[in-house]
Every structure is written in structure tokens, then in C-alpha cells.
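J.: Here's a sequence, model it:
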Amino acid sequence: MAHGHKKHDEEKVIFVGDSRVRKGAGFITPPDYTAYPGKSEAFIPNFLLKEWMVGVVVLVGILVLTISEPAPLGYPANPSASVIPMPDWYFLFLYQYLKYPYASGDYVLLGVLGVSGVAFGALLLAPFLDTGKERRFYKRPIASSLMILSVISVFYLTNVAWTHYEHELEASGQKPEHIQREEEALERREQGLPPVSNAPGQQEEVAIVEQDDPAMETYKKAGCIGCHAADMKGASGPSLRGVGDNHSQEEILTIIKEGYNEMPPQYNNAIAQGVTDEEITHLTEWLAKQKAEQ
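T.: Okay, the predicted model is just below:
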């Protein structure tokens, strides 16, 4: 606005336009994320599409593994078997951690709730405590150090737990059931015998041969029913039905006198029960007749 003094002191007002403001051309569209490379990205569809693609790849991989490697059904549970309890491999580090004095016994509450609560609480609070914009791990020393320390601890505890388990097996003379069954399957293959199936409906029951033979009374008198059951189907020990398909009379007598796998020698126990050598010999002959019908 300018002021000019003329005749009769008349005042004249002059309006001057501001050239710094551009004349509008309708609705102004704000710049999208492409104007700021590396700073942001549209959630739909760009970011969400990438997440979906990763999820599809993972799902296809799981389906391929499921089809190529069916889930094992495992072996029938044997509640009377003597085993060393062990968790699945992904829980071995926690299994070993709970063995330490400060996490068990009088301090079991601290071990189960205290330390675990601190660890999970730290994970929940991590996004609020670590608010830095830097994402390169070597420029985040505290978070990176904690992560590396956690990974090393998990690997160390897992290795210690498995090593201790192997030492326990060696000291007790036990053999894991799956290894024992693999060895038995290999032995049957070497003998030219068909494999034994545990699937329901696929394994035919083998009948007792000459069930009225006096050897059956010797079998009960010698205490064999304690491990192999009165019906010879097995309890804490294996089934003796069809045992003649795997062992001869001489081999069965050797097993009674010297033991086999986890079975200790039973000869002295049988003698202590009043069983004679003749009865033991007849028992082994009868057991060698226990074969599946051809």
C-alpha cells in the first residue's frame, strides 16, 4: 500500500500483488513415497504384497517337507520301559538351564518365573527402550551384543544337555529305543526276514505253538512272565511270540545264560526258582518252535 499527497490531501490506495504465491490450479496432490526414496513405502499394495509373497514361499516349503517326509508315528508307548527322559531338541537349552542350582530346588520359582520373566519382559520392552533410527547391527552395540550372547547361550546349553544325555546312556548301558529297533531291523534284513510293522492292522498276531506243552509251566515258574507276560506278548521285555523266527535253540539258551541287549542273564534266577537244567533245555527247545505260520 502506497500513500501519495496531492491536492486537497486526498489519499490514494494502491494494491500490489505478491508474486511469491503461485496461482492455484485446483487440488494440489501431495508427493507420494517415491519422492523420498528409502524413507517410506505404501502399505497397500507394496509392503503387503511382499509380505504375502514371503508367506507363500514359506507355506510352499512347509508343504513340500510335509509331503516328502511324513510325520513319524513313533513306536507304541511302553510305560514299564526304563528310559532317560529327554525333551525335544528345541527345548534342550531350557532343560539344561533348569538343572543348575540357581534355577532348581529351593530356587525353582526364580528359575521358572524370575529369569524367564526378565527375558520375555526385555523382549516386550525392546521396541520402547531401543528407539534409535539406526538399523545396522554394528551401529547398535548393546542390542547386537545381547542377541549374539543369547544365541551363543542357547547353542552352549543345547550341546551340554545332549552331551550329558549321551554320558548317561553310556553309564547306564541303555540304548535308545529307535536305535535298538533299527539294529533289530538291520539284523532281520541280514537274515532275509521281512520287516516288522507297527502300524495297526498290518501286523498279524502270532499264535503260541503247543501252548499245552509242559514248557509253558517252566516258562511261568522261571519268572519269564515278569518281562514277557503270561501270554508271551511282552511287557517290559519284547514279545516271545515268533521268537523262533529270529533265534535258534542254542541262541536262546545263550541269551538265558549271558543276557541280550538290556536283558541281564536269567539262568541263575531260574535255578533259584527251582528250575532244573533239563527243564531249561526243554524250555529253549519249545521257544525255538515259536514261529509264525508259514
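J.: and the gap between S104 and G55?
T.: Distance, S104 to G55, using C-beta to C-beta, to the nearest Å: 40 Å. To be clear about C-beta, it is placed using only N, CA and C from the backbone, and glycine gets the same treatment.
J.: Go through the longest helix seen in the chain and flag the buried ones.
T.: The helix that spans the most residues within the chain, counting by DSSP state H, is helix 141-172. Going by neighbour count (16 or more other C-beta atoms under 10 Å), the buried part of helix 141-172 is L157, T158, V160, A161, Y165, L169.
J.: What is it packed up against?
T.: With contacts taken as 3 or more C-beta pairs under 8 Å, 6 or more residues apart in numbering; DSSP states H and E, helix 141-172 sits against helix 92-97.
J.: Give the other helices and strands that the helix it packs on contacts.
T.: Contact analysis of helix 92-97 by 3+ C-beta pairs under 8 Å, 6+ apart lists helix 141-172 as its packing neighbours.
J.: how much space between E279 and K139?
T.: Distance from E279 to K139, by C-beta to C-beta: 82 Å.
J.: quick one, which of those two is more surrounded?
T.: The residue with more neighbours, out of E279 and K139, is E279; 18 against 9, by other C-beta atoms under 10 Å.
J.: Helix, strand or coil: sort out the more buried one for me.
T.: Under the three-state scheme (DSSP: H, G, I helix; E, B strand; the rest coil), E279 adopts helix.
J.: Spit out the contact partners of it.
T.: A215, T218, K221 (C-beta atoms under 8 Å, 6 or more residues apart in numbering).
J.: Tell me which helix or strand the second one sits in.
T.: In this structure, T218 is located in helix 215-221 according to DSSP states H and E.
J.: so what's V60 scoring on pLDDT?
T.: At V60, the model reports a pLDDT of 95.
J.: for it, phi and psi?
T.: The phi and psi torsions at V60 (degrees, to the nearest 10) take the values phi -60, psi -40.
J.: If you tally nearby residues, what's the number for it?
T.: 10.
J.: Let's see the PyMOL selection covering just the buried ones among the contacts of E279.
T.: The command below creates a PyMOL selection of those among the contacts of E279 that count as buried (16+ other C-beta under 10 Å):
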select buried, resi 215+218
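J.: now A229, nearest residue through space, not along the chain?
T.: Of all residues beyond its chain neighbours, the one nearest A229 is A235 (4.5 Å), with distances taken as C-beta to C-beta, 6 or more residues apart in numbering.
J.: ok, that neighbour to I225 distance?
T.: On the measure of C-beta to C-beta, A235 and I225 end up 8 Å apart.
J.: of the two, who's got more company?
T.: A235 (17 against 14).
J.: And that one, how close does it get to V206?
T.: 17 Å.
J.: cool, S239 as well?
T.: S239 sits 8 Å away from V206, taking C-beta to C-beta as the criterion.
J.: what's the answer for L110, then?
T.: For L110, the distance to V206 (C-beta to C-beta) stands at 55 Å.
J.: Ok, T281 next?
T.: In terms of C-beta to C-beta, T281 sits 23 Å off from V206.
J.: Comparing those two, which residue is more hemmed in?
T.: V206 (19 against 14).
J.: That one and T218, how far apart?
T.: V206 is 20 Å from T218, by C-beta to C-beta.
J.: isn't the residue nearest to A229 right next to H228, touching?
T.: Yes. A235 is within contact range of H228, at 6.6 Å (criterion: C-beta atoms under 8 Å).
J.: residue ranges for the helices of the stretch 1-150 of the chain, please.
T.: For the stretch 1-150 of the chain, helices defined by DSSP state H, counting those that start in this stretch occupy the ranges 48-68, 92-97, 108-109, 115-129, 141-172.
J.: could you dump those helices to JSON lines with distance to S82?
T.: Below are those laid out as JSON lines (distance: least, C-beta to C-beta, whole Å):
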{"stretch": "helix 48-68", "distance to S82": "34"}
{"stretch": "helix 92-97", "distance to S82": "19"}
{"stretch": "helix 108-109", "distance to S82": "26"}
{"stretch": "helix 115-129", "distance to S82": "31"}
{"stretch": "helix 141-172", "distance to S82": "8"}
